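Student: Sequence unavailable; structure follows:
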């Protein structure tokens, strides 16, 4: 596998659509993409049968529901997700160590039973929508870096494989945990895409340089006039220095909204 294929395989396309039909159409338009993210809205609209459809198209699924419930409920939900072919999934660290550890343990058991690789278990530390005031309101340490590191440590001790974090936290977590935690980063925007309300964005090149393991990108790809061309541009851009520009061959820009992680 060459470096370009490797980097392309680490870009996850978020299916931020309003229907299964739209989602599956995008999957078919992007044969070169390996992993697609299904979030809370689309999952609530279409249910787990959508996961089976994506899996049947030979794609990996990142199920981003940020599960947060009592340990037994989360463990059973993880088992169900694995039966639908999910390769990556998110749990919320606020559910505690026992919840995460039980999900990992039972998830691995289910994967063995299904004769498939266990999914990557990813911890969500703080939603990017939370600021200092909101953290105080819910009784958390108002220092975002301290809170992220505390929850990342909890995730690692519970056996989680990685964390979902904002672009600004990549180095913080990598410096502390190195290869022990994989890092999945939303809030990534190619240089040619409009920022709109994304205050804390980063380009694909910058994120990979900071050692992010996976990038999550939605609207710049799925709302481009040619999703396939947009994806290819992003892969190419990911090798460029952060200050270079691809403006000459940008796909059509579309508004973005904040994907909270």
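Tutor: Noted; the coordinates are in hand. Fair warning: this is a prediction, and the values are worked out from it, not measured in the lab. Residues are numbered from 1 along each chain as shown.
Student: for the record, mean pLDDT for stretch 227-238?
Tutor: The average pLDDT within stretch 227-238 is 94.
Student: do stretch 66-81 as well
Tutor: 98.
Student: which residues sit against that stretch?
Tutor: Contact partners of stretch 66-81, identified using CB atoms under 8 Å, 6 or more residues apart in numbering, comprise 40, 48, 51, 63, 65, 89-92, 94-95, 98-99, 102-103, 105-107, 109-110, 119, 124. Just so you know, the C-beta spots here come from the backbone N, C-alpha and C atoms, and that holds for glycine as well.
Student: ok, 7 Å please
Tutor: 63, 89-92, 94-95, 98-99, 102-103, 106-107, 110, 124 (CB atoms under 7 Å, 6 or more residues apart in numbering).
Student: same check, this time on stretch 229-245
Tutor: So stretch 229-245 is contacted by 4, 7-8, 11, 30, 32-33, 190-191, 203-206, 208, 217, 220-221, 224, 246, 249, 251 (CB under 7 Å, 6+ apart).
Student: which of the residues in stretch 170-190 are buried?
Tutor: Within stretch 170-190, the residues that count as buried by 16 or more other CB atoms under 10 Å are 170, 172-174, 177, 181-190.
Student: Give me the subset of the contacts of stretch 229-245 lying in helices.
Tutor: Of the contacts of stretch 229-245, the ones assigned to helices by DSSP state H are 4, 7-8, 204-206, 208, 220-221.
Student: returning to that earlier point: separate out the buried members of the contacts of stretch 229-245.
Tutor: Here, 16+ other CB under 10 Å leaves 7-8, 11, 30, 33, 190-191, 203-206, 208, 217, 220-221, 224, 246, 251 buried among the contacts of stretch 229-245.
Student: just the buried residues of stretch 170-190 now: which is nearest residue 128?
Tutor: residue 187 (6.6 Å; CB to CB).
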